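Asks: Sequence first, predicted coordinates after that:
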Amino acid sequence: MNNKKQNSALKVNEGIQQPPNINPYLKFKKKNKIQSPEFYVNGILEKDLSILSQAITIVESNLNEHRLIARSIIQKCLPLSGNSFRLGITGVPGVGKSTFIEYFGQLIIQNNRKVAVLAVDPSSERSKGSILGDKTRMESLSVNPNAFIRPSPSGCTLGGVARRTRETIILCEAAGFDFILVETVGVGQSETVVFNMVDMFLLLMLAGAGDELQGIKRGIMEMADIIAITKADGDNVLRCNLAANEYRNALKYLPLPESGWKPQVCTCSSTTGHGLNELYEIIQNYIKYTKTNKTFENRRKKQAKHWMYESMFDMLKENFLTNTNIKQLLKNYEEKVILNKINPIEAAEIILNRYYENFIKK
């Protein structure tokens with residue numbers, strides 16, 4: 001056997017030694033130890049962006065040990081919030097939301113204001129992960145000391161808004177930011193989620209991308225306080241102006257919002273800066289108009305009430321799905337539904353009745 005091996009014409013060469021899976025020069029950063037709520041609140045008030053980021057991470061966490069701390073942080077920051085202007089920004093995919101925010105955010109800073117950007121990244125339905133690459137598309141704004149950019153995964157929340165966006169707004173306001181920009185994933189009927197947490201709703205649209213008036217549902221147009229046609233530069237200026245006129249004509253047939261504000265249409269370019277000063281001026285006029293007729297304050301009150309109900313429903317859902325007995329019950333009835341032994345509606349009624357009888361009444 002040994003002789004045969006020695007006399008064989010086949011020879012196996014030694015392969016190239018592979019590098020280690022982990023970079024030996026990589027220095028791992030120790031995880032931040034969870035501190036007391038007072039530590040985070042003091043850091044936020046001192047405008048420490050690192051501590052602000054840590055506090056937001058705790059607020060967004062689903063871990064049980066973080067929830068009480070998060071609740072205390074929000075409770076302490078709430079009286080210090082409410083002094084910013086909250087602007088929701090949405091638009092069709094490819095409209096240039098991140099590029100627009102990059103340049104518009106710098107314009108806000110030039111007007112001696114501080115801006116926080118809550119950029120919501122779409123989460124994969126398969127892996128549940130997000131790239132969280134908005135900071136890389138806002139190179140100048142991300143390094144500005146008067147700006148704070150927080151990318152967050154959308155998760156399963158309707159409208160592409162992170163589950164804890166409202167709480168994050170509170171923390172950013174307590175940290176002294178004057179403008180809060182909430183960037184959403186895209187356009188859809190569920191964008192009402194954004195509408196119920198901001199003071200003004202900005203809709204970004206493209207020109208020359210099909211029938212402008214059919215490219216978006218009426219519901220989203222009724223919520224928009226400003227419609228801005230982006231990429232109005234070069235050969236696209238004429239198309240943008242024509243699209244803007246079409247939107248102005250369409251808005252005449254829509255009812256005015258409760259505030260009485262007549263939605264404005266403008267064109268802008270994040271490349272040349274065209275129209276951005278005009279847009280900023282429209283926003284200032286909107287703030288003055290709505291604060292004068294008290295609709296600004298009324299809208300905030302309605303949003304606070306909506307937040308209470310939404311939080312209550314979230315807590316009920318969480319309590320239901322994390323209950324050990326309900327988990328087993330769900331698993332049993334899932335199998336019965338899959339095997340057609342029971343219809344889904346009847347199964348849902350049985351599970352909810354069992355939850356009510358065994359866990360609510362007690």
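Replies: In hand now; what should we look at? Numbers count the residues shown, from 1 in each chain.
Asks: What is the burial count for the nearest residue to Phe104 once chain neighbours are set aside?
Replies: In space, and not counting its chain neighbours, Phe104 is closest to Leu276: 5.9 Å by CB to CB, 6 or more residues apart in numbering. C-beta: built from backbone N, CA, C; applies to glycine. Neighbourhood size, Leu276 [other CB atoms under 10 Å]: 20.
Asks: Next: Phe100.
Replies: 24.
Asks: Now that it has come up, it's in contact with Ile229, right?
Replies: No - the pair Phe100 / Ile229 is not scored as a contact, 11.4 Å apart, by CB atoms under 8 Å.
Asks: what residues are shared contacts of those two?
Replies: Cys268 (CB atoms under 8 Å, 6 or more residues apart in numbering).
Asks: that older thread, confidence score at the residue nearest to Phe104?
Replies: Predicted confidence (pLDDT) for Leu276: 95.
Asks: ok, now the one 5 residues further on?
Replies: Looking at Glu281, its pLDDT is 97.
Asks: tell me which element it is part of?
Replies: Element membership for Glu281, per DSSP states H and E: helix 276-292.
Asks: list the buried ones in that helix?
Replies: Neighbour-count burial for helix 276-292, counted by 16 or more other CB atoms under 10 Å, picks out Leu276, Leu279, Tyr280, Ile282, Ile283, Tyr286, Thr290.
Asks: That helix packs against which elements?
Replies: strand 85-91, helix 97-110, strand 226-229, strand 264-267, helix 295-322 (3 or more CB pairs under 8 Å, 6 or more residues apart in numbering; DSSP states H and E).
Asks: any idea how far the first one is from the chain center?
Replies: For strand 85-91, the distance between its averaged C-alpha position and the chain's averaged C-alpha position is 10 Å (CA atoms, centre = their mean, to the nearest Å).
Asks: Give me the nearest residue to Pro255, chain neighbours excluded.
Replies: Spatially, and ignoring its direct neighbours in sequence, Pro255 is nearest to Glu222 (7.4 Å; CB to CB, 6+ apart).
Asks: burial count for the one you found?
Replies: Taking other CB under 10 Å as the neighbour definition, Glu222 ends up with a count of 15.
Asks: For it, give me its contacts.
Replies: With CB under 8 Å, 6+ apart, Glu222 has these contacts: Leu254, Pro255, Pro257.
Asks: So which of these wins on neighbours?
Replies: Using other CB under 10 Å as the neighbour criterion, Pro257 leads the contacts of Glu222 with 17 neighbours.
Asks: Which pLDDT value goes with Gly155?
Replies: At Gly155, the predicted lDDT confidence score is 54.
Asks: Spatially, what comes nearest to Met138 if we skip its sequence neighbours?
Replies: Met138 sits nearest to Glu102 (CB to CB, 6+ apart), 4.3 Å away.
Asks: my guess is that neighbour meets Asn144, correct?
Replies: No - if you go by CB under 8 Å, Glu102 and Asn144 don't touch, sitting 10.2 Å apart.
Asks: dump the residue contacts of the residue nearest to Met138.
Replies: Arg137, Met138, Glu139, Ser140, Leu141, Ser270.
Asks: same deal with Gly208?
Replies: Per CB under 8 Å, 6+ apart, neighbours of Gly208: Asn236, Arg239, Ala243.
Asks: backbone phi and psi for Arg150, please?
Replies: phi -120, psi 100 (degrees, to the nearest 10).
Asks: and it, bridged to which residues?
Replies: As for beta bridges, Arg150 partners with Leu118 under DSSP bridges.
Asks: Pretty sure it sits against Ile56.
Replies: Yes - Arg150 is within contact range of Ile56, at 6.0 Å (criterion: CB under 8 Å).
Asks: what touches both of those two?
Replies: Thr168.
Asks: And the contacts of the helix or strand hosting Arg239?
Replies: Element membership of Arg239, judged by DSSP H and E, is helix 237-251. Residues outside helix 237-251 that contact it (CB under 8 Å, 6+ apart): 205, 207-208, 212-213, 221, 227, 229-232, 262-263, 265-267.
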